[in-house]
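Engineer: sharing a model that was predicted from the sequence below.
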Amino acid sequence: MSELSFYPIQDMWFYLLVAFILEALALYIWQYRQSKGALPLAGALINRTVWLLSLVVIGTAEELESKLLGVTIQQMTATLPALFWLLFLLQITNRGQWINRRTLAFLLLVPALTYFLLFTNAWHGLYWKKISLDGEVLTVARGIGNWLMLVYNYFLVLPSLYISFQWIRQCTGLRRRQAVIVTLAPVIGGVGNSIWLYLQHTGLFASLPLSSLITSIIWTYGFFYLKIINLLPLAQAKAVDVVGNGLAVIDNEGWVVDLNAAAANLLEVTPAQIEGKQAAEVFAKWPSLAALLKTEPMAMQEICLEKDNYVHYYELHIIKLSDRGGSSMGKAIIWKEITAQKEAQEQLVEQEKALSILSERNRIGRNFHDGPGQLGGCLQMELQTILILLNKERLKDAKAQVKHLLEIAKDFNVEVRETIADLKTGVSSTQDFLQLLKDYLDRYQKNYGIKTELILPSQSLDGLMDPMAALQLLRIIQEAANNVRKHAKANKLLVKIEVSAMKAVVIIADDGQGFDLSLQSVGQNHYGLAIMRERAEEVGGKLRFESKPGIGTKVIIEIPLGKAEQHEGIGG
């Protein structure tokens, strides 16, 4: 057709009604404009509304100037439907990456040129060759600009149809029904437009508003029943914040809207099998999952499912889906299998138990190594000496040696009691530590005749020392005191505690015989000294020695301080 004619409108109310419905639908879709496909679809509906209103202006206006204004608006809207449909399809089928600034600029090139030719037609006549008004019928002869607009629209329809039919072919179940709706609505609109172009002069029926009304009904069905835009993209957007393997989207009525591949595999269903199914029926095979359908949204929950005679663990998130007004639309259940992590945690617990047992054995060995642990060797040496003296009939010397052996037995008895007491001792606070230290030094002075002195810092240690650090510090002091008693030949033992720069500095000094540090590697060849260093390092501390022959020895320990955690008590 080289000419386009515009005839009077008989049922203006019908045009206005359909325009109102389309505009209401566009406003509804606008609230989901952040969802894929919502913006181009809302734009298409608004464009159709303006198209219908422009026909009302053309059909009811009496002056040529008013009719031409309506024709100009009608041609502007006729340039864009195919573009809106293509953009909508690319977004909703996850091909939005095809539309970048360069591509969009290319697609808008023809509409921009068309608008330019349309508005400047009076100068060149390239859009309309001739305009005539015969009574109430306005006729315009098509120019090259108008033909360019038509070719542009039909050119864009081809890739849109290809994408639509590919989408239908690749989908099943509910997703296929959504794809059919998305394809059917614009096709009906296009058929209605073609009928209007060729048969409007017959006046049989208003094909353009009628096809628009049918399209709006189809879209309404797609939105409110099939949830094309207002639920699936919203669920996917929510799911971005929570990484999960499985995703199930369920509406307020309990219908399954969508299952991704991982969810379908777990539930042992195909997308076609969930069509028209309630979530309770789909989840029936897994009662623990079905129970979650009745629960309120929650941050995270763990469940276990037995599958193929093997227990699988899953981490689940239930997310409430709401519209912009806050009204509930459904929920998304997202789950991730954590079986491997749970097994690794169980192995770690077993390893920690084994390590705890080994640590306990080492702890007991530390407490026995220098006391009861040496009794066997000591008894052997003393008894051999007594036997030699008896063989030589040196009874007086043998008697003296027996008395010495009795003293050793007495000391051993004291050490055994102290070792047992140490094993039972627990430290739950700084006050416990200080009181245990005072009691130990009092017993030490009473049992061994070595004078003890304790100097405490002016600053309170309350709440600064961790119970584990306090216990290890107490054990180090006890070990150092035992070394003084056995090796130093000292008369006095000093324990001084200082607080400096968030650390406790403990000095253990004696006035004994001392030793030359340059002649031996301290702590490497002596088990007791090595244990003291090991205890300090276990709580992040350091230990060093200062000693010279004839002037005594100092053991200096540095233990970091911090806010003490609450414990019921930590044993040695």
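Structural biologist: Perfect, I can see it now. Remember, it's a predicted structure, so these values are computed and weren't measured experimentally.
Engineer: switch to C-alpha atoms for all contacts and neighbour counts from now on
Structural biologist: Will do.
Engineer: helices or strands up against the longest strand seen in the chain?
Structural biologist: In the chain, with assignment by DSSP state E, the single longest strand is strand 310-322. Under the contact criterion of 3 or more Cα pairs under 8 Å, 6 or more residues apart in numbering; DSSP states H and E, strand 310-322 touches helix 232-239, strand 298-307, strand 328-337, helix 339-368.
Engineer: distance from the chain centre to it, please.
Structural biologist: Chain-centre distance of strand 310-322: 13 Å, with Cα atoms, centre = their mean, to the nearest Å.
Engineer: buried stuff in that strand?
Structural biologist: Going by neighbour count (16 or more other Cα atoms under 10 Å), the buried part of strand 310-322 is 312, 313, 314, 315, 316, 317, 318, 319, 320, 321, 322.
Engineer: as CSV, could you dump the C-alpha coordinates of that strand?
Structural biologist: Output of strand 310-322 as CSV, limited to C-alpha atoms (Å, rounded to 0.1, in the frame of the first residue of the first chain):
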residue,chain,number,x,y,z
TYR,A,310,24.0,-42.3,52.5
VAL,A,311,23.3,-39.3,54.7
HIS,A,312,23.7,-35.9,53.0
TYR,A,313,23.8,-32.7,54.9
TYR,A,314,22.4,-29.4,53.5
GLU,A,315,22.5,-25.8,54.6
LEU,A,316,19.2,-24.1,53.8
HIS,A,317,18.1,-20.5,53.6
ILE,A,318,14.4,-19.5,53.3
ILE,A,319,13.9,-16.0,51.9
LYS,A,320,10.6,-14.1,51.9
LEU,A,321,9.7,-12.6,48.5
SER,A,322,7.8,-9.3,48.7
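Engineer: quick one: strands adjacent to that strand?
Structural biologist: The partner list of strand 310-322 in its sheet, established with DSSP bridges, is strand 298-307 (antiparallel), strand 328-337 (antiparallel).
Engineer: what separates the residue in the chain sticking out farthest from the centre from residue 401, distance-wise?
Structural biologist: Centroid-distance maximum for the chain: residue 393 at 85.8 Å, with Cα atoms, centre = their mean. Shown here: residue 393 relative to residue 401, a distance of 13 Å by Cα to Cα, to the nearest Å.
Engineer: try residue 70
Structural biologist: Going from residue 70 to residue 401 by Cα to Cα gives 130 Å.
Engineer: who has more neighbours, these two?
Structural biologist: residue 70 (22 against 17; other Cα atoms under 10 Å).
Engineer: the more buried one contacts residue 50, doesn't it?
Structural biologist: No. Counting by Cα atoms under 8 Å, residue 70 sits too far from residue 50 to count as a contact (10.0 Å).
Engineer: check the gap between the residue farthest from the centre of the chain and residue 387 for me.
Structural biologist: Distance of residue 393 to residue 387, computed by Cα to Cα: 10 Å.
Engineer: can you check residue 92 too?
Structural biologist: Distance from residue 92 to residue 387, counting by Cα to Cα: 101 Å.
Engineer: looking at the two, which is more packed in?
Structural biologist: For residue 92 versus residue 387, the count of surrounding residues by other Cα under 10 Å is larger for residue 92: 18 against 13.
Engineer: next one: phi and psi at the more buried one?
Structural biologist: In terms of degrees, to the nearest 10, the main-chain angles of residue 92 are phi -80, psi -20.
Engineer: so what's residue 116 scoring on pLDDT?
Structural biologist: pLDDT recorded at residue 116 is 94.
Engineer: what about it, how many residues close to it?
Structural biologist: Count around residue 116 with other Cα under 10 Å applied: 13.
Engineer: quick check: which element contains it?
Structural biologist: Using DSSP states H and E, residue 116 maps to helix 109-119.
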